[in-house]
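Q: mind looking at a prediction? Sequence and model below.
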Amino acid sequence: MEYFINCNSSTLAPYTTPLDELRAAHLYRRLGFSASVQTINSAVGQTADSLVDNLVNQALAAPIIPPTEWADWNDTNYPADDDLARQLRRAHIEDLTTAYGNALMDNELLDRMSFFWSNHFVTQLETYNCPQFLYYYINCLQRNALGNFKTFTSEIGLTSAMLYYLDGVRNRGNNPNENYARELYELFTLGEGNNYTEEDIIETAKALSGYTERGEEGCMQVTFDPTEFNNENKTIFGQTGNWGYDDVIDILFNQRPDEIGWYICKKLYEFFVHPDSTNEDGGIAPQIIDGLAQTFISNGFEIAPVLRQLFKSQHFFDETAIGVIIKSPADLYFNLLKETGFTYDDGTILNMIDSCSLIGQRFFQPPEVEGWQRDRTWINTNFIIGRWLTAEVFLDRFFQNDPEQFRNLAVDAVGPANSNTSNPEIVVRALVNKFTPKGLLTDADFERAMDAFKIDDVPEEYYSPDYYPGGTSQWMLQLSAESPTQVYILLRHLSREPEFQLK
């Protein structure tokens with residue numbers, strides 16, 4: 001697949017033209033996991049200013065996953081039999097994963113962001129394998145996803161999931177463990193080698209010590225043990241004192257605001273706009289990140305103002321920003337579900353999350369602390385075949401469950417004026433535009449899509465306006481028995497096109 005060079009020369013000035021279908025769909029593909037025909041249609045004609053504000057406000061008010069009855073269980077609450085305990089833990093993790101998958105479908109920007117942060121503040125489930133820890137980790141991601149980044153950084157570091165994953169539970173004052181201190185600077189706030197020293201890491205590790213109390217039972221929340229804290233003076237970024245955990249966060253954000261602003265806004269830019277944050281000539285992208293970082297810092301590290309500015313900008317809606325990011329596995333499946341509007345249940349959600357694992361994106365289990373590297377890493381020989389086959393499996397299941405929903409999708413896509421069209425090109429064009437960011441690359445590609453839609457057992461003359469006396473064809477979208485099958489075959493065909501892999 002061709003790699004797109006960042007040629008976007010637009011600025012952060014507001015995009016004031018009423019949104020057309022192309023840009024409305026672009027906004028929903030990036031801001032959430034895409035949207036239905038009806039949602040896109042309702043966005044057409046709105047301004048970015050009002051629509052983005054509404055969507056951000058909805059995300060800020062969206063519900064998060066409520067505590068389950070087992071959210072505070074430790075080992076004593078599980079069966080004494082190890083096999084039964086493992087099975088119940090697995091069931092609890094599966095239930096929570098399904099609930100999170102539903103949140104990704106329902107909560108638009110809130111859980112687009114919580115999922116983004118799960119790949120920034122990385123933990124690995126297999127490190128702790130405790131449903132309670134996973135629940136509170138997700139809870140922290142959701143509560144802080146659009147909130148204050150300083151608060152977020154402070155809270156995520158004290159989740160038991162993180163304390164176990166990066167060895168905070170082994171960070172004792174007389175024997176400091178540097179893992180979390182290193183990643184706090186290198187991956188979570190400043191970027192590798194960006195204005196910190198090895199001595200800063202060593203001293204920070206001492207200040208973060210003491211969160212080692214795990215109780216006598218397994219799967220207990222980690223708490224602070226003052227006897228395990230290093231009470232020496234520490235010098236961090238030139239500041240000396242008997243610093244503790246909260247002091248580290250304060251010193252970091254007070255002494256390195258510019259580095260934090262640039263690093264986080266660069267990651268947001270690459271996630272939401274273009275995977276390459278530098279142009280061939282050094283161009284505009286660094287200036288965009290500068291502008292976002294200034295907004296971030298001047299708003300006290302609040303995340304929402306940065307997103308409002310970005311999603312309302314000419315830079316975001318520039319044509320060169322559309323269709324240049326490769327869909328993650330989660331995008332692949334959840335976008336398909338949102339864009340088709342097909343009926344689904346918890347089993348569908350869990351199957352899609354399981355399928356993500358098959359093609360490189362295991363939820364709550366990025367391969368390393370750096371997270372999934374995204375974009376081109378989602379596409380290799382094995383993964384692309386897996387993407388094709390699994391997408392076809394889900395389309396097959398939707399068709400088996402209710403073929404008529406495929407006809408309904410096409411009727412919605414063509415709009416009321418063409419709801420019973422007898423012109424197959426109108427249907428194919430509408431569906432191609434729905435499921436690809438900018439259509440298919442060449443006329444020949446479109447003709448192949450037309451051929452797929454005109455299945456073999458529908459004679460070509462069915463489409464001719466002269467098939468019946470009086471100038472009508474036999475084929476009509478709403479009336480022909482073959483229509484659901486044709487839409488199904490077309491979607492299978494499109495799911496293997498390169499443009500379908502982009503957002």
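A: Thanks, I have the structure now.

Q: pretty sure residue 327 contacts residue 379?
A: No: here residue 327 does not reach residue 379: they are 9.6 Å apart, not a contact under CB atoms under 8 Å. (C-beta placed from N, C-alpha, C; glycine too.)

Q: which regions of the stretch 351-500 of the chain sit below the pLDDT cut-off?
A: 464-473 (pLDDT under 70).

Q: all helices of it, in order?
A: Ranges of helices within the stretch 351-500 of the chain are 381-401, 404-414, 424-435, 443-453, 483-494, based on DSSP state H, counting those that start in this stretch.

Q: check the stretch 1-150 of the chain too.
A: Under DSSP H, counting those that start in this stretch, the stretch 1-150 of the chain gives helices at 21-31, 37-43, 48-61, 82-106, 109-118, 125-128, 131-144, 149-156.

Q: and the ones you listed: which comes nearest residue 407?
A: Closest to residue 407 of the helices of the stretch 1-150 of the chain is helix 37-43 (CB to CB; 13.3 Å).

Q: can you pull the buried residues of that closest one?
A: Residues 37, 39-40, 43 are the ones in helix 37-43 that count as buried (16 or more other CB atoms under 10 Å).

Q: ok, these vs residue 350, which is closest?
A: Nearest to residue 350 among those, counting by CB to CB, is residue 39 at 24.5 Å.

Q: what does the pLDDT read for the closest residue to the closest one other than its chain neighbours?
A: Ranked by CB to CB, 6 or more residues apart in numbering and with sequence neighbours excluded, the top spatial neighbour of residue 39 is residue 28, at 6.7 Å. pLDDT for residue 28: 98.

Q: spit out the contact partners of residue 28.
A: By CB atoms under 8 Å, 6 or more residues apart in numbering, the contact set of residue 28 is 34-35, 39-40, 43.

Q: thinking again about what came up before, need the helices of the stretch 351-500 of the chain in CSV (columns: distance to residue 257 and mean neighbour count).
A: Formatted as CSV, the helices of the stretch 351-500 of the chain follow (distance: least, CB to CB, whole Å; neighbours: other CB atoms under 10 Å):
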stretch, distance to residue 257, mean neighbour count
helix 381-401, 39, 16
helix 404-414, 47, 21
helix 424-435, 42, 21
helix 443-453, 48, 15
helix 483-494, 46, 22
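
Q: go through these and name the closest to residue 503.
A: Residue 503 lies closest, by CB to CB, to one member of the helices of the stretch 351-500 of the chain: helix 424-435, at 10.6 Å.

Q: helices or strands up against that closest one?
A: helix 404-414, helix 443-453, helix 483-494 (3 or more CB pairs under 8 Å, 6 or more residues apart in numbering; DSSP states H and E).

Q: what's in contact with the last one?
A: It refers to helix 483-494. The contact list for helix 483-494, computed with CB under 8 Å, 6+ apart, reads 340, 392, 395, 399, 403-407, 409-410, 424, 427-428, 431-432, 435-436, 448-449, 452-455, 458, 477, 500.

Q: do that again at 6 Å, thanks
A: Helix 483-494 is contacted by residues 392, 395, 399, 403-404, 406-407, 410, 431, 435, 452-453, 455, 477, 500 when judged by CB atoms under 6 Å, 6 or more residues apart in numbering.

Q: one more: stretch 218-228?
A: 74-75, 130, 132, 160, 163, 169, 172-173, 210-214.

Q: go again using 10 Å as the cut-off
A: Applying CB atoms under 10 Å, 6 or more residues apart in numbering, the external contacts of stretch 218-228 come out as 72-78, 85, 89, 128-133, 136, 158-164, 168-175, 209-215, 244-245.

Q: check stretch 61-69 too.
A: With contact meaning CB under 10 Å, 6+ apart, stretch 61-69 is reached by 71, 77, 92, 95-96, 99-100, 102-103, 106-111, 114, 131-132, 135-136, 138-139, 141-143, 145-146.

Q: distance from the chain centre to that stretch, please.
A: Relative to the centre of its chain, stretch 61-69 is centred 19 Å away, using CA atoms, centre = their mean, to the nearest Å.

Q: check contacts around residue 347.
A: Residues in contact with residue 347, defined by CB under 10 Å, 6+ apart, are 98, 397.

Q: which positions within the strand or helix carrying it qualify as buried?
A: For residue 347, the host element (DSSP states H and E) is helix 346-358. Going by neighbour count (16+ other CB under 10 Å), the buried part of helix 346-358 is 348-353, 355-356.

Q: quick check: closest non-adjacent residue to residue 346.
A: residue 98 (5.0 Å).

Q: what's the one you found in contact with, if anything?
A: Residue 98 neighbours (CB under 10 Å, 6+ apart): 345-350, 353.

Q: distance of it relative to residue 132?
A: Using CB to CB, to the nearest Å, we find residue 98 at a distance of 17 Å from residue 132.

Q: same thing with residue 436?
A: 43 Å.

Q: residue 407 now?
A: Distance from residue 407 to residue 132, counting by CB to CB: 46 Å.
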